[in-house]
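1. Provided below are the primary sequence and the corresponding predicted coordinates.
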Number of protein chains: 2
Amino acid sequence: MNAANRPTNAFYAQSGGVTAVINTTACAVIETARQYPETIGKLFAGRNGILGALAEDLIDTSLESDADIARLRHTPGGAFGSCRYKLKGIDENLAQYERLIEVFRAHDIGYFFYNGGNDSMDTAWKVSQLSAKLGYPLICVGIPKTVDNDLPHTDACPGFGSVAKYVATSMREAGFDVASMAATSTKIFVMEVMGRHAGWITAACGLAGESADQPPHLLLFPEIPFDEAAFLARVETCVRDHGYCTIAVSEGLHDASGQLLSDMDTKDAFGHAQLGGVGQVVAQLIKDRLGLKYHWALPDYLQRSARHLASKTDVEQAYALGKAAVELAVAGRNAVMPGIVRLADAPYRWEIGVAELVDVANVERKMPREFISADGFQITDKCRAYLAPLIAGEDAPPYRDGLPDYVRLKNRGVPRQLEAFCI
Amino acid sequence: MNAANRPTNAFYAQSGGVTAVINTTACAVIETARQYPETIGKLFAGRNGILGALAEDLIDTSLESDADIARLRHTPGGAFGSCRYKLKGIDENLAQYERLIEVFRAHDIGYFFYNGGNDSMDTAWKVSQLSAKLGYPLICVGIPKTVDNDLPHTDACPGFGSVAKYVATSMREAGFDVASMAATSTKIFVMEVMGRHAGWITAACGLAGESADQPPHLLLFPEIPFDEAAFLARVETCVRDHGYCTIAVSEGLHDASGQLLSDMDTKDAFGHAQLGGVGQVVAQLIKDRLGLKYHWALPDYLQRSARHLASKTDVEQAYALGKAAVELAVAGRNAVMPGIVRLADAPYRWEIGVAELVDVANVERKMPREFISADGFQITDKCRAYLAPLIAGEDAPPYRDGLPDYVRLKNRGVPRQLEAFCI
């Protein structure tokens, strides 16, 4: 117990798909918690996210040096392990919540930080109800993170800006390559990017070009049902006018009936379809119908782990949100999520705001239709104005022997005090 | 005619697949040629490589400012366009060589710089024979370039070091990602890389890991026939020991009968098979046989155009070779190719050497078997010692608005003086 008469220790978990900067947030949470020794004792991290809490598999971050924690700021992936696991409601699975309380009580945990996306904010909200519904004194703060950029109540989600910078840079670079080769070789280049239902990452590819003749020539958004005839006509025109055509396509592209163009149909633990392969489907369609040689790229995890190309804005926001989360907790705020509030586009100014978790949980922020051009194949100036500051600035990691020098923490476990629990 | 009583102007062409640093070489050729105004007049570039010479489609680089030429140093792709086009022998297609002479004579061209890989050095060698066989006074110098790193008589090929740095960085970053997610999600990550018949790029992926437990856990080389049973056994062991398994696979992976594992079988203009897709074949095999969830990545052109992550060694060598080529030409050396001579591994020291084109043409440098571990799935310390200096150092391009600031040249054509020529 601390001066506020509540359990002293804190728990931090990473949830869902990891990003280039989720560890930047972890760094901020740990560094900031270390600044409040009278309020927060030890900070434990869940090994593999919330599963670590259920399994009483806690990592004692106090055993990590300040220097190593500082290196987390520039290390991609999830340093403590993440998971895709969504808690059911308290009424549906009371045993899980009782187990959480049992673990929290055994380790004197009074603060809960949950770093994730839509599904995770729902879990965070449910956990935040422990105090009111089950009488355990817990302060729960959600911290936004998702490359999909689809959380509400924040101008951008940490992780997105860096993916955006990566896909725009990659599209620009590949565009120079294809332009060089088009006269005698590849005329079509397709790059498939992430973003399940929201086309934010697809839109970011559009930043690569500064005029209509520059790559990417066409964007295929999940918001715009795929119209094969219109698309092929545009490809044909583009190749005629420029000699080649470059295309960014969302993994979530679907036709008017809702049918995904990708050919993979396995589902992840949240019940989302596992996507991938639509890039080749689109490229092959062009080859079959127009007879044009193609190359396609699937950056997959490379796009969300490319810490070497992180956006400085993104890194700064990821850190600021982790710091704000701890400060909110120290101030006794429960069931909230700090977010980014945009004050101005250019020059970009932002500050930290605070949203209620109940307003964030399970709400998906769609891309506004006005961010997509009328023909559905490009972004608008309004979209550029929104995206531009999010990729601004570089924040290169240190290099050693020619490669980014990332940290691997010791991740020593906290001795277990309870019986095993079957999830 | 210049003081040496030979045609004054020079011709430079880019050939084959472009790289992150072929323009660095172009920058060096142009900047160095501008330093010898008494010997070299204008430097013309072939639009789309050698095709530009045959079609009399020449670009006047003298119309580009020094500042823009300097920006070529950090711009990926081929600024003047490249092509995949291999000249036949002089005896087989005399008309083409006569056309070249006609174009060269019309534009007072006495120097020919050809920047490419194996096939291109063969073309360069054939052109270098014009002087002796057809009596046209031409000095021809080849300049090495190929991400495949398979040219002989040079310690490394410009372009390779930067791809190597990119794939090693990407594998390291994706490795951190997969490690985070493996407990509840993806356990297998496969990255498919370029390199037709030589496993240099695959080997470079191995630099990502500093010990056997770190990604990449397995490398699949084109030099080692794919042994499905041995491979699956290794994957299973790896997942058991580390919780996940990361794999880099060469596009040229084949089985003991020589059958490529990739499912694409179209051919490019040189008659090489167009590869791609083996990454998914390998990943799906693991899923089918071991039931493990996978992700796979296909960086494709991203790996060879990633100028934002170029190796400083690579950039410096690409520049030095372009400079040396012009200096060799000015000194009157015909039918040669400057190359990199390694003097020491650590600290890496190198100098420029000179090879005869006849010794380079069509010779493919294979990766030594001693660079691959006995089991065929990793690189050896000897290989690391060779590769390490090639990825050393960073050479970030300037950024503008959050993206690398690359140059697009004016590429103004030289007025045609001849009739059209059908290739």
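-> Received, thanks.
2. number of nearby residues for A:A168?
-> A count of nearby residues for A:A168, using other Cβ atoms under 10 Å in any protein chain shown, gives 28. Bear in mind the C-beta positions are built from the backbone N, C-alpha and C, glycine included.
3. check A:A132 too.
-> Each residue near A:A132 was counted by other Cβ under 10 Å, and the total is 11.
4. in what helix or strand does it lie?
-> A:A132 belongs to helix A:130-134 when elements are defined using DSSP states H and E.
5. and that helix, what does it pack onto?
-> The elements that helix A:130-134 packs onto, with contact taken as 3 or more Cβ pairs under 8 Å, 6 or more residues apart in numbering or on different chains; DSSP states H and E, are helix A:94-106, strand A:139-144.
6. output the ones you listed as CSV; include the columns mean pLDDT, mean neighbour count and distance to B:I391.
-> Supplementary listing: these in CSV, determined by pLDDT from 0 to 100; neighbours: other Cβ atoms under 10 Å in any protein chain shown; distance: least, Cβ to Cβ, whole Å:
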stretch, mean pLDDT, mean neighbour count, distance to B:I391
helix A:94-106, 94, 18, 45
strand A:139-144, 98, 29, 35
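7. which one of these lies closest to chain B?
-> helix A:94-106 (15.3 Å; Cβ to the nearest Cβ).
8. the closest one near chain B at all?
-> No - for helix A:94-106, no contact with chain B is found by Cβ under 8 Å from any Cβ of the partner chain; the gap never falls below 15.3 Å.
9. what's the answer for stretch A:66-75, then?
-> Yes - applying Cβ under 8 Å from any Cβ, one finds that stretch A:66-75 is in contact with chain B at A:T75.
10. circling back: which parts of the helix holding A:A132 are buried?
-> A:L130, A:S131 (16 or more other Cβ atoms under 10 Å in any protein chain shown).
11. show residues contacting that helix.
-> Counting by Cβ atoms under 8 Å, 6 or more residues apart in numbering or on different chains, the neighbours of helix A:130-134 from elsewhere in the structure are A:I90, A:Y97, A:E98, A:L100, A:I101, A:Y136, A:P137, A:L138, A:I139, A:C140, A:N334.
12. pLDDT averaged over it - what is it?
-> Along helix A:130-134, the predicted confidence averages to a pLDDT of 85.
13. what about it, distance to the chain center?
-> When distances are taken as Cα atoms, centre = their mean, to the nearest Å, helix A:130-134 is centred 29 Å away from the chain's centroid.
14. now do stretch A:183-198
-> For stretch A:183-198, the distance from its own C-alpha centre to the chain's C-alpha centre is 21 Å (Cα atoms, centre = their mean).
15. residue nearest the centroid of chain A?
-> With distances taken as Cα atoms, centre = their mean, A:T146 lies nearest the centre of chain A, 2.0 Å away.
16. how many other residues sit next to the closest residue to that residue other than its chain neighbours?
-> Across the structure, with Cβ to Cβ, 6 or more residues apart in numbering or on different chains as the measure, the residue nearest A:T146 apart from its sequence neighbours is A:G117 (3.3 Å). A:G117 is surrounded by 24 other residues when neighbours are defined as other Cβ under 10 Å.
17. my guess is A:G117 contacts A:I143, does it?
-> No - using Cβ atoms under 8 Å, A:G117 and A:I143 do not qualify as a contacting pair, with a distance of 10.6 Å.
18. what residues does the stretch 51-200 of chain A put near chain B?
-> The interface of the stretch 51-200 of chain A toward chain B, taken as Cβ under 8 Å from any Cβ, is made up of A:51, A:75-79, A:81-85, A:165, A:168-170, A:172-185, A:189, A:191.
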